[in-house]
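Visitor: below are the sequence and a predicted model for it; my questions follow.
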Amino acid sequence: MLLDDLKSNLSTPISSKIESDRKYCLASVLVVVYGKEPIVVMTEKPKHMKFHAGEISFPGGKLDADDSDLLETALRETSEEIGLTISKEQVIGQLEPVVTLNSGFLILPFVSVVDQIPALSANAEVEKIFHIPLEPFLKTQAKDPDPSHNLIQEMYTFEYQNHIVWGASARILKQIRDCVKS
């Protein structure tokens, strides 16, 4: 898998606003892929967090009243959480929105594919930053064995160094895997 191929497969028009009934709280994440042998950046949430404690996820968060749109949310949250500044011009596309099972978020994932990134530093919302080789990671896809997770849509898991990625983050990874396979 080459970075240029990934860029062409994941490039889509960007529409940074989505409609949601009041049932869901709007949020967004930024999928950052970098390097010659593509690496994806993910984070582990601290165990004391109100939502998604201990989960592996992409940098991102809830739409703030000061954010002009969900793309701005993803860029702001990525900068705050891991100290990575990505410009709007470096965002090449977006994926289909995903919902969370328990916390009531509708998440719009944006994608940035860049040649390299600087050293990252986690804030208090991040326990650990992962730099995961994308191709072998995508090959770990499995069906989520917990039937209670399949209430809203089909669920998957991915694994990295004995960490299980599931839920909305896994559904985002599944979309990436589907784009890469086609």
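Guide: Yes, it's here. Numbering: from 1, shown residues only.

Visitor: okay, CA-based contacts and neighbour counts for the rest of this
Guide: Fine.

Visitor: got the buried residues for the longest helix along the chain?
Guide: Longest among the helix segments of the chain by residue count, using DSSP state H, is helix 167-181. Of all the residues in helix 167-181, those buried under the rule 16 or more other C-alpha atoms under 10 Å are 167-174, 176-177, 180.

Visitor: now do the helices in the protein.
Guide: 3-10, 70-82, 134-138, 167-181.

Visitor: nearest to I39, out of those?
Guide: Smallest distance to I39 across the helices of the chain (C-alpha to C-alpha): 5.0 Å, for helix 134-138.

Visitor: from the chain's centre, how far out does that closest one sit?
Guide: Distance of helix 134-138 from the chain centroid (C-alpha atoms, centre = their mean, to the nearest Å) equals 14 Å.

Visitor: go on, stretch 50-67?
Guide: When distances are taken as C-alpha atoms, centre = their mean, stretch 50-67 is centred 10 Å away from the chain's centroid.

Visitor: about what we covered before: relative to F158, which of the buried residues of helix 167-181 is nearest.
Guide: A170 (6.4 Å).

Visitor: isn't that closest one up against E159?
Guide: No. Using C-alpha atoms under 8 Å, A170 is not in contact with E159, being 9.6 Å away.

Visitor: neighbours of the closest residue to I56 other than its chain neighbours, how many?
Guide: Leaving out its chain neighbours, the residue that sits closest to I56 by C-alpha to C-alpha, 6 or more residues apart in numbering is E44, at 4.4 Å. Per other C-alpha atoms under 10 Å, the neighbour tally for E44 reads 22.

Visitor: now do the contacts for E44.
Guide: E44 is in contact with 54-57, 126-130, counting by C-alpha atoms under 8 Å, 6 or more residues apart in numbering.

Visitor: mind checking how far Y160 is from K139?
Guide: According to C-alpha to C-alpha, to the nearest Å, Y160 stands 11 Å off from K139.

Visitor: who's more crowded, these two?
Guide: A direct count of neighbours by other C-alpha under 10 Å for Y160 and K139 places Y160 higher, at 15 against 11.

Visitor: got the buried residues for stretch 124-133?
Guide: In stretch 124-133, counting by 16+ other C-alpha under 10 Å, buried: 125-129, 132-133.
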